[in-house]
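Undergrad: Here is the input, now give the coordinates:
(chains A, B and C)
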Amino acid sequence: MTATMVSVQQRLGARRILGLSPLTWVLVVVGLVLVPLVRVLTSSTPLTATTTFTAAILSTAPIALAALGGVWAERAGVVNIGLEGQMLLGTWGAAYFNWYYGPWVGLLGGVLLGVVGGLLHAIATITFGVDQIVSGVAVNIIAAGAVDFLSKAFFSQITPNGGPRNLSGLYSLPTVNVGGLDTWLSKLNGRHWFLVSDVAGLVGSLISHVSVVSLLVIALAVLSWWLLRRTTFGLRLRSCGENPAAAESLGVNVYRYKYVAVLVSGGFAGLGGAFLTTVASSTFTVGQTQGRGYIGLAAMIFGNWNPFGALGASALFGYADALRLRSASSLHALLLLLAIGLLLLTVWRLLRRQLRSAAVNGVIGVAFLLWFLLTDSIPKDLGGMTPYLVTLLVLSLASQNLRMPAADGKPYRKGSAG
Amino acid sequence: MGWLVRAARSTATGLVAPLIAILISVIATSLVISISGSDSGIGDFWRVMLSAPKDQTMVNIVNLAGELYIAAVAAAIGFRMGLFNIGVEGQYGLAAYVGAVFAGGMFLPGPLNIIVAILLAVLTGAAWAGIAAVLKVYRGVSEVITTLMLNAIGPIIVTHFLNRYGQQTGYEIQTKPIGRSSWIAGWAPFGQDNGQIWTLGLIAVLVGAGFWLLLNRTRLGFDLRATGASATAAAASGVGAKKMVVVAMLLSGGVAGLVWIPEFFGGAHTYSSATFTSNLGFTGLAVALLGRNRAGGMAFGALLFSWLTCQSDALQIQTDIAPQIVEITQGITVLAVVVAYELVQRYRAGAEQRAVAAVLPEAVSA
Amino acid sequence: MVTSETALAPLVELRDIGKRFPGVVANHDVNVTIRPGTVHALVGENGAGKSTLMKILYGVQRPDDGTVLVDGTEHAFKSPSDAIAVGIGMVFQHFMLADNLTVLENCVLGAERIHGIAGKARAAFVDLGQRFGFDLDPDALVEDLGVAARQRLEIVKVLYRGAQVIILDEPTAVLVPQEVDQLFTNLRDLRASGHSLLFISHKLDEVLAIADDITVMRRGTTVGEAKPGSVTKRQLAELMVGSELPSPETAESTVQTRMMLSLAGVSLVVGERSVLDGIDLTIHKGEVLGIAGVEGNGQTELVEVIMGMTKPTSGAIVLGDVDVTAMSTRGRREAGIGYIPEDRQRHGLLLDAPLWENRILGHQTQPPNARGPWIDRRGARRDTERIVEQYDVRTPSIDTNARALSGGNQQKLIVGREMSGDPVLLMASHPTRGVDVGAQAAIWDHIRDARKAGLAVLLISADLDELIGLSDTIEVILRGRLVGTFDPTTVTPAELGTAMTGGHD
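TA: Prediction:
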């Protein structure tokens, strides 16, 4: 029958590795070659310098944690734009507990406060069936107010490190360093050989003075993937996001799985906040997240609701952010990178006869190319737009090939089975 | 007479939810104060908050309520059709800057200068929101994320241009101030020392009336509400979904462009990070949710939030409670109100089914 | 088989079950006794309370009164898991499957304790399939399965959990006659292997063909029991609805020569799949054209293309003598197309809006609902009163929200609305699905009357009796193509079924 033929075709056509489609892997490989190429073309060495990658890891981790949090909640069918607020709560929780109980308890404090934010969202959306976007907005408002109030109430009297809107001098967490190898890789990176030095830069950043929390993020992505894909627990959780009525008809306690998912989601976001205060810096300030929760949400979408996809997409955003922080020249080189990427995509769309998409991609690609060719640098104060612009760009190019869980965002009421 | 009874009944049920919500937030706020370990007690807090406002505070409450109301209506236009324009913040910020730059240039005589500047602000807000509409319609990107990203990008652009073309005065860089002929005097009910109620605050009244008329009396408004109630049914009824997204987003962004206008012509006269009032967009969203996107409800919500914000200034002086506490109060009120509405809604659906059953004694449902 | 009826104790007993929802008594004093190893049919019309009763037996809902006994022991199920634990399984009318999960994942979901979710589970699944003759690929995504395969998966799911009692809620509603035969073969095999089946239906022929015992429900309670050998269809119908079942037959032809709708070479390609393929059809004034087909063969898309909700990839649509191919949905509605959608709650109503606003829906631009850019509330309200009166919509007032009405009354409102303003063409998708017998008869009458007055009707229905009874011509749709034209005065349901599945006799 046709039905089976279609399914066979699909499976042969899209043999997924770690839940990612072959196309995604092609993109990853292309990216790995493209970046060194642009580095050579523009002789902008910061593009693949170890220090850039180190900065990228610090930028990536909080976004990735938010994105993973998003994967958890949305796989269970709950859209959580409260991630931003939960992350914000995490920054305060981490600062408070770090100051009084040390760095590890600080991390836990961040997670705890994130979970509290998740709980608010869970009660409103799961128990009371409130619109998930509306609840998320409300959670963000509460979180912003709470952090504002709490830092004023608790950090004002700490002298000299504290203030109504900040707390500095927090304890830091250990880093991992593979001795010897890192200096060798760093030397290799300095030679600027095509591809070799670039890869050395990337690998070097992963083994020299890398925070244990950064490594934890990778571990959490793996763990999330395994739990969601390979265990009974994950199957049940995903079923709540695909068809909760069916899950309930088979005895799955839908509310319980949704609650677990949203609490974990809040916890991940809270950890992301903790990362900002204790790993990426050693200072808490009010409003430290700067929309990273939202960018994480975008990374989750671009990562197709898959933990590894979310991690990869976050790395993309983190890398762009790092370039902005590193140097103006490398940000300018990023324009060429985007232009080439877009034009390659245009060719691919043309081959698949998706003419309209090709046209759109092509126009944007040429625009970036012209921008690169006609300017020497990007105004410094515009550099801050990079992560947000990249988010818009990436989503508007990718949205249509993605698949979200079927019941994502829809309120579910117990007893709806049948 | 029938409509009067209906109106009375819907107002009564409409009031239940906000009242429950306010009660919950009062309890929650009191709890936060009592555990935050300040020397002042819960009593002090409520005494300050509920005291009769000073004359100047009264003026501030009215002015801020007007701005919040415009922002809330902007958000509500989207909400009512199920479109989440979280980007009011970015839209009115950019619009305020563009309006200020044009008005400061004084290219046109007084009143005309004002009108064109307002139009430009409206267009800017609409255009900024329009980006999100286009991305949603043609690329399928959720407007929630695009508007949030645009919120982040807007201020960066403004800062860039302000730094480049603004005037340095003291520590601030500002746009060229508007000439006297474009100032709009306000109404000073308690004497000039206690401040003026901005004349252009009347925009809020117009926007509110227009919003009510649009939604309840026009075909376009019906299409908008139908889309919000059921996108699938609206599409089947002949509402063009894409066109509706674009129209609603442009309207919403256009109204957002008006948010800071009363303050600009009534008091600020120039745009700088010191004169510009930020965050009205986000608070406006909260007001829209609190007022359930209804013209009347949002008016109540705007006054309530404005009251809380303006009265909280006195906390600083009279107690040691951080005035930021009212942000928590506001947030909890919003969350509580949406939950309470949900419960009232369920109760009403049940009551209605009973009413149907009452006329049909034989009714049995599967 | 059971040799003596008194020899075996009842397997399941429902005693004096009662269930009330806000304002509605869904069940009261319901008594059903199921013997082991039998097919027990529960019949009753839509809204008689069958589904509620089944949900109680399966633990989805808890009864307010009465007791549920399984094997002589009383049970109070808190959730489906409790029911599953004592060997009760249910195949829902609307399949309970997650499209984006595989067949195997759907099967093991909730039953992971038995064999885990990997290799052992797969082996057990394949084994079950072979034993009972269900052919299913464990790794296929459910979204790629057809209706019959989904139903087989639902039955395997139940067997996988070791159910002894299997509830089937209207299992034949979506199947063609041949698939029904196949299903009955499966069910007889299951009965032979000792399973008990509770078969819910309102199709009396099928009940008489498969059941060992029959219980009849009406207005929320059990009103009688019968044996297939000693009862006629007519007697059952009288028990069910208190009178004879209405029949959809139409009298003489009213087809006129003037062409009302014609489609020429209409195709629709979605992604790389051809959903509609070169559709040519014509409907004249006063003609009812019936479309028969297994669900998911392009009927929904055909309606959407004609309504203008989806643009065809190629082909032309002409209404009267106007080419409407490029016209918007609104334009087409203004040109006189009435639309009774397949899913009234999703496409036909604003559930949380009052009836009078629902009167406006779909006719926003036309009198009496609008005057220029303004909504004419008074006009709309007055006309809603008229519809409520003429179409016998049972409601306390026109300010009642649509959600509060029963399915039949919702549908009557939609029919009344779509018949207003003298449409020239009516698109009717499953117009009587899920409505009670009274409303069904009324809707058929309205369609017949309008046809006599010159209305052209495109009728899509899964109920072959309805199609044969009402249509002047029947076209069969299969994989997006029209594959055969039949004369309803001579065709049998079995012949239609053959054509619908692409078989040859």
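
Undergrad: Using CSV, write out every CA atom in stretch C:99-109.
TA: Extracted in CSV, the C-alpha atoms of stretch C:99-109 (Å, rounded to 0.1, in the frame of the first residue of the first chain):
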residue,chain,number,x,y,z
ASP,C,99,1.0,10.8,14.8
ASN,C,100,4.6,11.6,15.3
LEU,C,101,5.4,8.5,17.2
THR,C,102,6.0,5.1,15.6
VAL,C,103,3.6,2.2,15.6
LEU,C,104,5.6,0.4,18.2
GLU,C,105,5.9,3.5,20.5
ASN,C,106,2.2,4.0,20.3
CYS,C,107,1.6,0.4,21.2
VAL,C,108,3.9,0.2,24.2
LEU,C,109,3.0,3.6,25.6
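
Undergrad: Is any residue of it near chain A?
TA: Yes. Counting by C-beta under 8 Å from any C-beta of the partner chain, chain A has neighbours in stretch C:99-109: C:99-101, C:105-106, C:108-109. C-beta here means a position set from N, CA and C on the backbone, and glycine is covered the same way.

Undergrad: Would you format those as TSV with neighbour count included?
TA: Below are the residues of stretch C:99-109 next to chain A laid out as TSV (neighbours: other C-beta atoms under 10 Å in any protein chain shown):
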residue	neighbour count
C:99	16
C:100	18
C:101	22
C:105	21
C:106	29
C:108	29
C:109	27
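
Undergrad: Which one of these is nearest to residue B:114?
TA: residue C:100 (55.8 Å; C-beta to C-beta).

Undergrad: and the two most separated of the residues of stretch C:99-109 next to chain A?
TA: Among those, C:99 and C:108 lie farthest apart (C-beta to C-beta), at 16.5 Å.

Undergrad: From chain C, how far out is the spatially most central residue of chain B?
TA: Nearest to the mean C-alpha position of chain B, by C-alpha atoms, centre = their mean, lies residue B:72 at 2.1 Å. Distance of residue B:72 to chain C, computed by C-beta to the nearest C-beta, to the nearest Å: 22 Å.

Undergrad: Go ahead and confirm residue A:318 touches residue A:54.
TA: No. In this structure residue A:318 lies outside contact range of residue A:54 using C-beta atoms under 8 Å: 11.0 Å.

Undergrad: what about these two, which has more around it?
TA: For residue A:318 versus residue A:54, the count of surrounding residues by other C-beta atoms under 10 Å in any protein chain shown is larger for residue A:318: 24 against 21.

Undergrad: what about the helix or strand where that one lies and chain C, touching?
TA: Per DSSP states H and E, residue A:318 falls inside helix A:307-326. No. Contact of helix A:307-326 with chain C (C-beta under 8 Å from any C-beta) is absent, the minimum separation being 15.3 Å.

Undergrad: Buried residues, that helix. List them.
TA: A:307-326 (16 or more other C-beta atoms under 10 Å in any protein chain shown).

Undergrad: Could you tell me the angle between the following helix or strand past it and helix A:307-326?
TA: Under the assignment DSSP H and E, the closest C-terminal helix or strand after helix A:307-326 is helix A:328-351. Angle, helix A:328-351 to helix A:307-326, by axes from the mean of the first three to the mean of the last three C-alpha atoms, to 10 degrees: 140 degrees.

Undergrad: The helix or strand that comes right after helix A:328-351 - contacts with which helices or strands?
TA: Counting by DSSP H and E, the next helix or strand C-terminal to helix A:328-351 is helix A:355-374. Identification of packing neighbours for helix A:355-374 by 3 or more C-beta pairs under 8 Å, 6 or more residues apart in numbering or on different chains; DSSP states H and E yields helix A:328-351.

Undergrad: Good, we can wrap up now.
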